[in-house]
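Visitor: how would this look folded up:
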Amino acid sequence: MASPPSAIPEMTLQEVMDRLGPSIFAGLLDTDGILRYANQAALQAIGSTPEQVLGRRFDTTPWWKACDLSQSRLQQAMAGALRGEASRFDVRVATASGAALSMDFSLLPLFGPDGRVLWLIPSARDVSEREQAQHQLQLTRHAVEQASDALLQVGPDGALRDANAAACRLFGLEREQLLRLRVPDIDTQIDETRWPQRWHELYERGSLRFETSVRHQEGHEIPADVSISLVKSDTETFAHVCIDDLRERRAAERRIRQLLQFDELTGLPNRQLLFERLGTILQTSAQTAVLVLELDRFKRINDGLGPTVGDAVLREVAQRIAATVRSIDLVARRDGDEFVIVMPAPPLPALHMAQALLDIAARPIWIEEQEVHITCSIGIATAPADGDHADTLLRRANAALHQAKLQGRNQASVYSGAPHDDDPERLALEIALRHALRDEQLDLHYQPQVDLVHGRIVGVEALLRWQHPTLGRIAPDRFIPIAEETGLIVAIGDWVLRRAIDQATDWQRAGLPPLRMAVNLSARQLLQPDLARRIEGLLAAAGLDPRLFGVEVTESMLIANFDQAVQHLKALRALGVEVSLDDFGTGYSSLSYLRRLPVDVVKIDRSLVPDVTALAEDVSITRAIITMAHQLQMKVLAEGVESEGQAALLAANQCDQMQGYWFSSAQPAAVVETMLRDGLRIDPALLDRRDQRGSDLQVPRRALHGPDRQ
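Guide: Model (predicted):
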């Protein structure tokens, strides 16, 4: 059977409509009156397949061939539904056998969060048996007794004169008990003063139909659809009443509403209902806190333990959240492993509740005799400080959640207001950056990486530069975050890879000494499933030996998606590409962490590069990093070297390579080519002291030599 549109919960809605019973037809129309879904009962009635009827205007489908009047009333109802009006009337519909069924038909509009009609829901219930029972009531008592609907005879005074067995069951009374009652005793909407008016209306019109609720003898109320026909004879006049118990229909309607507005797995409000209720809360509450909670690394539970365990974890977390918050707070499941908590007029700072949620999420979960541990990250935004619209608050709570994950997960972060939210210059830069690639405003400069054994340039790091025609040179720390945030970093990263590989190839074809070209990868590039294959293709197309190419990644990038990143880096190393871990010393920086990474080079962050005047303990930290990396068969490159003293101390402590302003800043390709042709290198006298230790190291005054000084 064809699936309904994506705005409706797909499989669950089909199952509900298909289980409404063989006598209940149900479907789904779009606002053009096109049939998008019909349940099995409806299709079987006309002996059609979904392909034969779906995609057609509803009023042209086979159901409506039996009666032109029914078709005309349907067209009027469809027009009314588009205006938000519900319709209900009796129709005759065709069946596969050529017969016609009498149906109680309803057409209901389904509204979106903005109040517009999104869908039309037609439903019909076979009432042929009821109509026949009503007809037979006038002929024979036996037919009345066999009727499944409750049938009554009511006199002009409102007294019940007769009742069939179904009526006795409906009210929970024996016939004798029931016939001692009057209409005001059983109809919750009619009292003694209104009955004469109702009788007069029936007498004038001949028939009435309405919905009401009737009283059961145990005290509860039953929703009912009531049809009344006036019966006149030579001797008496009475009302023939047919009462249709609507509990089954109302239950089906509630189930449909439940599916449309609630998450089936957890029973919590879904995304649609979240927006509706959050909008209402914001209108009535002076202050509101919105917390977005996401389970940390939930995918590993689904992948490792299976979706059944994953679903059980989600249900347990949902129950824990609901049990922790107040009864007036709203808890919703917005997506996958993400929950939203809305707290109107919070009595305490939202961070207090966030900490409680962090604690309850971290408690062990036992599922099928298996202990599962999980943590969560939480982002917080408050109204009106951070916005007074639902989408704004949720977006800013998401931004805070992202910050919590960047900070290591298992913690809460409060939205602090991004400095660029209302920054027109940033918006202008974003627009300009979208044209930078097209207009060839981007360029690469290359910073030499120097060997501390022989003093030669052994590699370069490709660094992105942007020269705008009117704004001038724009610093990378200004535009790279914009590229990351907008996703432009993917296209820019591809361009950098191609340009750097082409430049390295040109240098090799020019006969220059072999050197490694290193390119920084972005976090988004590490998420691309074909990263290694694409780099392999670029190297092959350019004819560059993979051993002359390297990639650099930071610790923070690996933490966010560790397993996937490690797989990419292993694949690149298998090609021969060198992998460098950038900014080492600013993240985890532990032996247990480092040994798990497929890394060839550890780049010491500039903050950990000491000078000859540094304290002994500072030098010890740097020496420990070098020793640790060497024990793991990794090379060490110190970045940000800005003085001769730093270079000397690094060489003395067995650091393998360095880069920084002291030797050279990042330069255009032509300048680097000149350096390579001239053989620019570090003075061997400085490197001859690699075996010395400590701050008493003597540093030559002239440390850079060209070929004429060797």
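
Visitor: what's around residue 233, how many residues?
Guide: 8 (other C-beta atoms under 10 Å). C-beta: built from backbone N, CA, C; applies to glycine.

Visitor: pLDDT weak spots in the stretch 501-650 of the chain?
Guide: 559-561, 585-593, 611-618 (pLDDT under 70).

Visitor: for the stretch 451-600 of the chain, which segments count as helices?
Guide: Remark: helices assigned in the stretch 451-600 of the chain by DSSP state H, counting those that start in this stretch are 476-486, 488-509, 523-526, 531-542, 555-560, 562-575, 591-594.

Visitor: could those helices go into JSON lines alongside mean neighbour count?
Guide: Formatted as JSON lines, these follow (neighbours: other C-beta atoms under 10 Å):
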{"stretch": "helix 476-486", "mean neighbour count": "15"}
{"stretch": "helix 488-509", "mean neighbour count": "18"}
{"stretch": "helix 523-526", "mean neighbour count": "19"}
{"stretch": "helix 531-542", "mean neighbour count": "16"}
{"stretch": "helix 555-560", "mean neighbour count": "18"}
{"stretch": "helix 562-575", "mean neighbour count": "17"}
{"stretch": "helix 591-594", "mean neighbour count": "13"}
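
Visitor: out of these, flag the one nearest residue 600.
Guide: helix 562-575 (7.1 Å; C-beta to C-beta).

Visitor: mind giving me the packing neighbours of that closest one?
Guide: helix 523-526, helix 531-542, strand 549-554, helix 555-560, strand 578-584 (3 or more C-beta pairs under 8 Å, 6 or more residues apart in numbering; DSSP states H and E).

Visitor: let's go with 10 Å and repeat that
Guide: helix 298-305, helix 523-526, helix 531-542, strand 549-554, helix 555-560, strand 578-584 (3 or more C-beta pairs under 10 Å, 6 or more residues apart in numbering; DSSP states H and E).

Visitor: right, and the helices of the stretch 451-600 of the chain - which one's nearest residue 470?
Guide: helix 476-486 (14.8 Å).

Visitor: how about the contacts made by the closest residue to residue 571 other than its chain neighbours?
Guide: Among residues not flanking residue 571 along the chain, residue 532 sits closest, at 3.6 Å (C-beta to C-beta, 6 or more residues apart in numbering). Residue 532 makes contact with 551, 567, 568, 569, 570, 571, 572, 573, 574, 575, 577, according to C-beta atoms under 10 Å, 6 or more residues apart in numbering.

Visitor: that older thread, got the helices of the stretch 451-600 of the chain as JSON lines, with distance to residue 344 columns?
Guide: Below are these laid out as JSON lines (distance: least, C-beta to C-beta, whole Å):
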{"stretch": "helix 476-486", "distance to residue 344": "31"}
{"stretch": "helix 488-509", "distance to residue 344": "39"}
{"stretch": "helix 523-526", "distance to residue 344": "36"}
{"stretch": "helix 531-542", "distance to residue 344": "46"}
{"stretch": "helix 555-560", "distance to residue 344": "33"}
{"stretch": "helix 562-575", "distance to residue 344": "39"}
{"stretch": "helix 591-594", "distance to residue 344": "43"}
